[in-house]
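Trainee: Fold the following and give me the result.
(one chain, ligands or ions: 1)
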Amino acid sequence: MPRTLILGIPGAWSLPQATILTRIRHWVSILRVPATIITGFLGSGKTTLLNHILTSQHGKRIAVIENEFGEVDIDGSLVASHSSSNEDIVMVNNGCLCCTVRGDLVKMLLQLVKEKQRQPSPVIETFCMDELVSRHVKLDGVVTLVDCKHAMQHLNEVKPRFVVNEAVEQVAYADRIILNKELETLTKKNQAKFGSVDMDFVLGFKSIVPVLPSHHHEAGHEHDNHHHDHVHDSTVSSVSIVTEGTLDLDEDLYRMKGVLCVNGSDQRYVFQGVHSTLDGCPGGTWGPDEKRINKLVFIGRNLDETSLRKGFRGCIA
Ligand SMILES: Nc1nc2c(ncn2[C@@H]2O[C@H](COP(=O)(O)OP(=O)(O)OP(=O)(O)O)[C@@H](O)[C@H]2O)c(=O)[nH]1
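Mentor: The predicted model follows:
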């Protein structure tokens, strides 16, 4: 038994070895960095909740690993602008976090825990299976955002056999569910507005059984030497556009979001669309020598990429 480890445990010398080991494991588990998974369907309000967490006074030091569906990073800039320590936010884009980009996630997690001054609290997505990660990081719990306005459409969607309904899984594996966006039929107690919830409800609640969904990929293929047996819905895809120029602004989509350069304004325009709800607000000011790059992401079923790109180019002034 290494002496240094035992010395940290009060009364360890007088105890049987099994008890000592149990205590060591307990202490190691306490020392591990707690991670909270924030999940929820497209546009349900995850980024909004994250910004609420990052700007709340809770005394916790937080690092964020964020995964985006499209290959263009929109949320990175939206989250980073609310945080005082931008370097603690890393993006893992364009892929299912437990499959295609899992290797990146493991690297990110290990990098975060190696740099001891950082305490990644909300770290997004699955990591329990990696031995090295689980030695350093413990899953605190899974928080699922539900968009009350659009949730039933996605929860009730009948998928082909073996195709996973992500919206159902996100709810099924939640330790905490936040009903976000107002709905008149719910009592105030059950719902949140713009992710505004008590921090104790989402951080540090220590779920008793931290279980993650076992999940399946198309025809059960392999990534990074591990096997998946779930299938994502291949009709849902994303189209991302990155182009220079200024826009005159204007489908039936799940989600649109973008950071745009609009005619006559020195400020970025942050554009949000969740189904038919469209929203936008000014973002940060463009730098004097900064290239005015428009970034726009469309996520939905059977997207017509060619006409979306053509239509978007038609908006450039
Ligand atoms: N009316 C209303 N809108 C909200 C609420 N919470 C978030 N929103 C809006 O919903 C839109 C999507 O919010 P996000 O926080 O970006 O959602 P998300 O889950 O991160 O979206 P994805 O990036 O697609 O995964 C934004 O326009 C938000 O302002 C709410 O409680 N009420």
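
Trainee: For the longest strand seen in the chain, enumerate the helices and strands it packs against.
Mentor: The single longest strand within the chain, with elements called by DSSP state E, is strand 137-147. If contacts are counted by 3 or more CB pairs under 8 Å, 6 or more residues apart in numbering; DSSP states H and E, strand 137-147 sits against strand 33-40, helix 46-55, helix 166-172, strand 176-180. The way it works is simple: take the backbone N, C-alpha and C, and place the C-beta from them, glycine included.

Trainee: Quick check: next helix or strand after that strand?
Mentor: Moving toward the C-terminus from strand 137-147, the next helix or strand (DSSP states H and E) is helix 151-155.

Trainee: Remind me which helix or strand the residue of the stretch 151-300 of the chain found nearest the ligand belongs to.
Mentor: Using CB to the nearest ligand atom, the single residue of the stretch 151-300 of the chain nearest to the ligand is Gln272, 3.1 Å away. In this structure, Gln272 sits in strand 267-274 according to DSSP H and E.

Trainee: what does that strand contact?
Mentor: By CB atoms under 8 Å, 6 or more residues apart in numbering, the surrounding residues in contact with strand 267-274 are 42-43, 78, 147, 149-150, 249, 253-262, 278-286, 296.

Trainee: near the ligand, from those residues?
Mentor: The residues of the contacts of strand 267-274 that also fall near the ligand, by CB under 6 Å from any ligand atom, are 42-43, 255, 279.

Trainee: Output those in TSV, with secondary structure and neighbour count appended to each entry.
Mentor: Conversion of these to TSV gives the following (DSSP: H, G, I helix; E, B strand; the rest coil; neighbours: other CB atoms under 10 Å):
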residue	secondary structure	neighbour count
Leu42	coil	22
Gly43	coil	24
Arg255	strand	19
Asp279	strand	10
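
Trainee: Select, from the residues you listed, the two members most distant in space.
Mentor: Farthest pair in these (CB to CB) is Leu42 and Asp279. Separation: 14.2 Å.

Trainee: for stretch 152-167, how far is the first residue from the last?
Mentor: Length of stretch 152-167, first residue to last, CA to CA, to the nearest Å: 9 Å.

Trainee: Can you give me the buried ones in that stretch?
Mentor: 154, 163-167 (16 or more other CB atoms under 10 Å).

Trainee: what mean pLDDT does that stretch have?
Mentor: Averaged across stretch 152-167, pLDDT comes to 83.

Trainee: Could you see whether the ligand lies near it?
Mentor: No - for stretch 152-167, no contact with the ligand is found by CB under 6 Å from any ligand atom; the gap never falls below 11.1 Å.

Trainee: oh, and call the first residue 57 from now on, that's how I've got it
Mentor: Got it, the first residue is 57 from now on, which makes the last one we talked about stretch 208-223.

Trainee: Show the pLDDT at Lys347.
Mentor: Looking at Lys347, the pLDDT reads 90.

Trainee: Which residues does the closest residue to it other than its chain neighbours form beta bridges with?
Mentor: Excluding its sequence neighbours, the residue lying closest to Lys347 (CB to CB, 6 or more residues apart in numbering) is Glu300, at 6.4 Å. Bridge pairing for Glu300 (DSSP bridges) gives the partners Ile349.

Trainee: Check Val353 too.
Mentor: Ser296, Lys313.

Trainee: Surely it touches Leu309?
Mentor: No - using CB atoms under 8 Å, Val353 makes no contact with Leu309, being 10.0 Å away.

Trainee: That's all I had, so thanks and see you.
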